[in-house]
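Asks: Give the three-dimensional model of this entry:
(2 chains)
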Amino acid sequence: GENVEQHPSTLSVQEGDSAVIKCTYSDSASNYFPWYKQELGKRPQLIIDIRSNVGEKKDQRIAVTLNKTAKHFSLHITETQPEDSAVYFCAASRGSGGSYIPTFGRGTSLIVHP
Amino acid sequence: EPEVTQTPSHQVTQMGQEVILRCVPISNHLYFYWYRQILGQKVEFLVSFYNNEISEKSEIFDDQFSVERPDGSNFTLKIRSTKLEDSAMYFCASRVNRDRGGTDTQYFGPGTRLTVL
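Replies: Here you go, the predicted structure:
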């Protein structure tokens, strides 16, 4: 089955700095890679996703890059703000059709210091 | 914007008791999921459900677990005889079938915190 590794487990930055979270996956058939933000005690919320036919996707201060050959993808947050503080989970899955089961990474606790 | 809802928000039960966790997926979604998250750990897949039957299940989803869509709106997870290690946050999620022009995005409910004493 799929195995997703996520690093670092904790990331502490100053407000305004950039933050990068990296994930690797094992199943070369995985083709959909969502990123979720989970604030303390709340539900995971999708913040950005990327499909395997795209190498990079950007949404305001958030971007995701995908390297299919190396089987890794990364989340980039620029100009971090205190409200970005949360746990971020990456996931990998084979999307569409009947079988779509994301395998999650262990999460990165991002702390943005004002 | 429509959201997935779950009830109750917190369920406390005695070991060996049955619990039913309830979810109302987003109305036009076709795929439904249950996940669990033990405190401080990653989200783990339990089961997916489509067209009134289980599509896939993980090794966590043993005979003590069952799912049901008793009517057109509710999606339930039943644990027949709870164990201490079942204590976790249980999330329901739903998605539109991408093959019908939807996306792969899964939308999560707020979760039910299950505490087994």
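Asks: Closest to the centroid, which residue in chain B?
Replies: Geometric centre of chain B, nearest residue: B:W34, 2.8 Å, by CA atoms, centre = their mean.
Asks: Setting the sequence-adjacent residues aside, check what's closest to that residue.
Replies: Of all residues not flanking B:W34 in the chain, B:L46 sits nearest, at 4.3 Å (CB to CB, 6 or more residues apart in numbering or on different chains). From N, CA and C alone the C-beta is placed, and that goes for glycine too.
Asks: in terms of contact, does that neighbour touch B:L21 like I think?
Replies: No: the criterion here is CB atoms under 8 Å, and B:L46 misses it with B:L21 at 10.7 Å.
Asks: what's the overlap in contacts for those two?
Replies: When contacts are counted by CB atoms under 8 Å, 6 or more residues apart in numbering or on different chains, the set common to B:L46 and B:L21 consists of B:34, B:77, B:90.
Asks: list the buried ones in stretch B:51-67?
Replies: For stretch B:51-67, the neighbour count (16 or more other CB atoms under 10 Å in any protein chain shown) marks B:55-58, B:60-61, B:65, B:67 as buried.
Asks: Out of the residues you listed, flag the one nearest to A:N3.
Replies: Closest to A:N3 out of the buried residues of stretch B:51-67 is B:S58 (13.7 Å), distances taken as CB to CB.
Asks: which residues does the closest one contact?
Replies: B:44-47.
Asks: Name every strand pairing with the lowest-mean-pLDDT helix or strand in chain B and say which way it goes.
Replies: The weakest-scoring helix or strand in chain B, judged by mean pLDDT, DSSP states H and E, is strand B:53-57 (a mean of 89). With DSSP bridges as the test, strand B:53-57 is paired with strand B:44-50 (antiparallel).
Asks: Buried by neighbour count: which residues of the strand it pairs with qualify?
Replies: By neighbour count on 16+ other CB under 10 Å, the buried set for strand B:44-50 is B:44-50.
Asks: Reformat the residues you listed as JSON lines; add pLDDT and distance to A:R61.
Replies: Listed next are those as JSON lines, based on pLDDT from 0 to 100; distance: CB to CB, whole Å:
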{"residue": "B:E44", "pLDDT": "92", "distance to A:R61": "30"}
{"residue": "B:F45", "pLDDT": "91", "distance to A:R61": "30"}
{"residue": "B:L46", "pLDDT": "95", "distance to A:R61": "33"}
{"residue": "B:V47", "pLDDT": "94", "distance to A:R61": "35"}
{"residue": "B:S48", "pLDDT": "91", "distance to A:R61": "32"}
{"residue": "B:F49", "pLDDT": "91", "distance to A:R61": "36"}
{"residue": "B:Y50", "pLDDT": "88", "distance to A:R61": "35"}
